[in-house]
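>>> For reference, the sequence and a predicted model appear below.
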Amino acid sequence: MDPDPDQHTEERRIERLEEAVGFIDHNSGQLGEQIAAISQEVSSLSRRLLALERRLLDLTDAVTEAPPHVPPPHAAGPDVPRDPL
């Protein structure tokens, strides 16, 4: 029989606490790595989205600033006006 059963119980309690702390440390390290990876991915996607927005604005500006369609002079018949539509 153990000389002091309370000491054995307390040692086991300390072991469980140490295991729990080790588990928490391990998990927090993994979570930190995942957060860093997600942060890099969000930054990359934000840059791509900004580039796409700029490109879309450029395309929109190009379409809205296009001159009106004027048929070439040789395509105009006697009843087709030569002025822009």
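Noted; the coordinates are in hand.
>>> Next up, the contacts around residue 23.
Counting by Cβ atoms under 8 Å, 6 or more residues apart in numbering, residue 23 makes contact with nothing. C-betas here are computed from N, CA, C, even on glycine.
>>> For stretch 24-42, which outside residues touch it?
By Cβ under 8 Å, 6+ apart, stretch 24-42 touches no other residue.
>>> In three-state terms, label residue 70 for me.
Under DSSP: H, G, I helix; E, B strand; the rest coil, residue 70 falls in the coil class.
>>> What is the burial count for it?
13 (other Cβ atoms under 10 Å).
>>> what's the answer for residue 15, then?
10.
>>> For this protein, give me the ranges with low pLDDT.
For the chain, the stretches with pLDDT under 70 are 1-3, 66-67, 71, 73-85.
>>> Quick check, central residue of it?
residue 42 (3.0 Å; Cα atoms, centre = their mean).
>>> what about it, which helix or strand?
Assigned by DSSP states H and E, residue 42 falls within helix 5-64.
>>> from the middle of its chain, how far away would that helix be?
Relative to its chain's centre, helix 5-64 lies at 13 Å (Cα atoms, centre = their mean, to the nearest Å).
>>> Then stretch 60-71?
35 Å.
>>> May I see the buried residues of it?
When burial is assessed from 16 or more other Cβ atoms under 10 Å, stretch 60-71 yields no buried residues.
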